Every structure is written in C-alpha cells, then in structure tokens.
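# Sequence and predicted model, in that order:
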Amino acid sequence: EEEISSYRARVEEIRDMDKSEMTSSEKKELRTELKNIKETMHKDGVYFYVGGGTLLIIILILLLV
C-alpha cells in the first residue's frame with residue numbers, strides 16, 4: 001500500500017508540474033517515468049480503469065433494473 005501511495009503521489013506531482021518551460025528531453029523523461037509507473041501498477045494488478053462512457057452506461061443499466 002505504501003508503494004502504491006508513493007506512485008500516486010508522484011503521478012499527481014508530475015501532473016501538477018508546469019511543463020511549458022521544460023525542454024523536450026525533460027518531458028520525454030517524465031513520459032518514460034509515467035510509463036514505468038503504469039507498467040509497474042499493471043503488473044501488480046492494482047490498476048483498474050473505467051472510461052466515462054462505460055461508467056455512464058453502467059449507471060443507466062443499474063437505474064433501469
């Protein structure tokens with residue numbers, strides 16, 4: 001759990017960064033880091049994503065049933 005929390009904190013930190021003044025190599029490093037975090041979380045079976053459209057359909061089905 002602690003490792004997952006640190007990954008989430010790092011992802012939020014990267015998202016909040018001002019990337020407009022970064023060089024392309026710095027941006028590439030951040031993308032690589034995010035990709036590695038994503039792969040690590042996928043491998044651990046922690047990552048679960050439901051898109052907005054899918055979530056809307058699920059809610060509609062639950063309301064109709």
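Great, that's in hand.
# separation between the residue lying closest to residue 37 once chain neighbours are set aside and residue 40?
Of all residues not flanking residue 37 in the chain, residue 7 sits nearest, at 5.2 Å (Cβ to Cβ, 6 or more residues apart in numbering). From N, CA and C alone the C-beta is placed, and that goes for glycine too. Noted for residue 7: a distance of 7 Å to residue 40, by Cβ to Cβ, to the nearest Å.
# Mind checking which of the two has more residues around it?
The neighbour comparison of residue 7 against residue 40 (other Cβ atoms under 10 Å) goes to residue 7, with 19 against 14.
# now the host helix or strand of that one, how far from the centre of its chain.
In this assignment (DSSP states H and E), residue 7 forms part of helix 2-16. Averaging C-alpha positions (Cα atoms, centre = their mean, to the nearest Å) puts helix 2-16 9 Å from its chain's average.
# Stretch 52-64 too?
The chain centroid and the centroid of stretch 52-64 are separated by 22 Å under Cα atoms, centre = their mean.
# any idea of the mean pLDDT for it?
Mean per-residue pLDDT for stretch 52-64: 89.
# could you give the angle of the lengthiest helix in the chain to helix 2-16?
As assigned by DSSP state H, the longest helix anywhere in the chain is helix 24-43. Relative orientation of helix 24-43 versus helix 2-16 (axes from the mean of the first three to the mean of the last three Cα atoms, to 10 degrees): 150 degrees.
# Go through stretch 4-18 and flag the buried ones.
By 16 or more other Cβ atoms under 10 Å, the buried positions in stretch 4-18 come out as residue 7.
# List of residues touching stretch 35-42?
By Cβ atoms under 8 Å, 6 or more residues apart in numbering, the list of residues contacting stretch 35-42 from outside reads 4, 7, 10, 11, 47.
# Apart from its chain neighbours, what residue comes closest to the fourth one?
Take residue 11 and drop its neighbours on the chain: the residue closest to it by Cβ to Cβ, 6+ apart is residue 37, 6.2 Å away.
# Tell me how many other residues surround the one you found.
Neighbour count of residue 37, defined by other Cβ under 10 Å: 17.
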